[in-house]
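with the input below, show me the fold.
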Amino acid sequence: MKLTSQLVLSSTLGLLFTSCSVSNQASDRVADKGAIKFGDGVDSIKVEVSTKVGGTRSIILKDNADAVARFENKPDSTLSSSTTEELIGLADSLFVEKNREIILSQEDAEGRTGYPIFTVSLYKDGQGETIRYDMGTQDGNITHCTTCDIHYSPEFRHFTSQVFEILGR
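The predicted structure is shown next:
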């Protein structure tokens, strides 16, 4: 009987220590949010997907804040901290620091698609700089677009697939 109560007490204490540790880790992540920053003075990035049928949807990434997904005729949706960190990390390396390739190769095309336009706007000090990417149809890692056939890098494709997955909900 004494052994059973010691076992229950040990298990209870173990669970308490584990839950305290998880709670501390969660509050550390919140405290670490101050570390989420873009380089080169950029304070926010807007990633927008425009389609002929589905209208315009966007994700707003801001320093030190969870990302916000915006849909037409729906309320804004806040993304999780882990998703925000991943998107900010990818966006920073692709569009701000430019230490990862976006376009590996491109060739003239014959104008075949009317697929979504993927627009990335970088903001610093209230000023925006916008870059548009034609998404087109996919075949063999080549994006067949209206003006050119583009081989986008795996990092860019990963970023766009994350954004399309979030905005497709």
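
and Leu61, how many neighbours?
Using other C-beta atoms under 10 Å, Leu61 is surrounded by 24 other residues. Every residue, glycine included, has its C-beta placed from N, CA and C.

same thing with Val47?
Neighbours of Val47 using other C-beta under 10 Å come to 24.

that one against Ile59, yeah?
Yes. Counting by C-beta atoms under 8 Å, Ile59 is a contact partner of Val47 at 4.7 Å.

what touches both of those two?
When contacts are counted by C-beta atoms under 8 Å, 6 or more residues apart in numbering, Val47 and Ile59 have 87, 163 as shared neighbours.

checking the spatially most central residue of the chain next. Helix, strand or coil?
In the chain, the C-alpha closest to the average C-alpha coordinate belongs to Leu87, at a distance of 2.7 Å (C-alpha atoms, centre = their mean). What DSSP: H, G, I helix; E, B strand; the rest coil gives for Leu87 is helix.

what pLDDT is listed against it?
Looking at Leu87, its pLDDT stands at 93.

can you pull the contacts of it?
47, 59, 61, 67, 79, 159, 162-163.

ok, 6 Å please
61, 67 (C-beta atoms under 6 Å, 6 or more residues apart in numbering).

and it, how close does it get to Ala69?
10 Å (C-beta to C-beta, to the nearest Å).

where are the low-confidence patches of the protein?
Within the chain, the set of residues satisfying pLDDT under 70 comprises 1-36, 52-54, 111-114, 169.

quick one, strands of it?
44-51, 55-62, 68-70, 77-78, 103-108, 117-124, 127-134, 137-139, 142-144, 148-152 (DSSP state E).

residues in a beta bridge with Ile142, which ones?
In this entry, Ile142 is beta-bridged to Asp139, by DSSP bridges.

can I assume it is in contact with Asp149?
Yes. Between Ile142 and Asp149 there is a contact under C-beta atoms under 6 Å: 5.4 Å.

and for Leu94, the neighbour number?
Per other C-beta under 10 Å, the neighbour tally for Leu94 reads 21.

correct me if wrong: it contacts Arg100.
Yes. Using C-beta under 6 Å, Leu94 is in contact with Arg100, at 5.3 Å.

anything in contact with each of those two?
Joint contacts of Leu94 and Arg100 (C-beta under 6 Å, 6+ apart) do not exist.

for Glu48, which residues are in contact?
58, 119.

which strand residues bridge it?
Ser58, Thr119.
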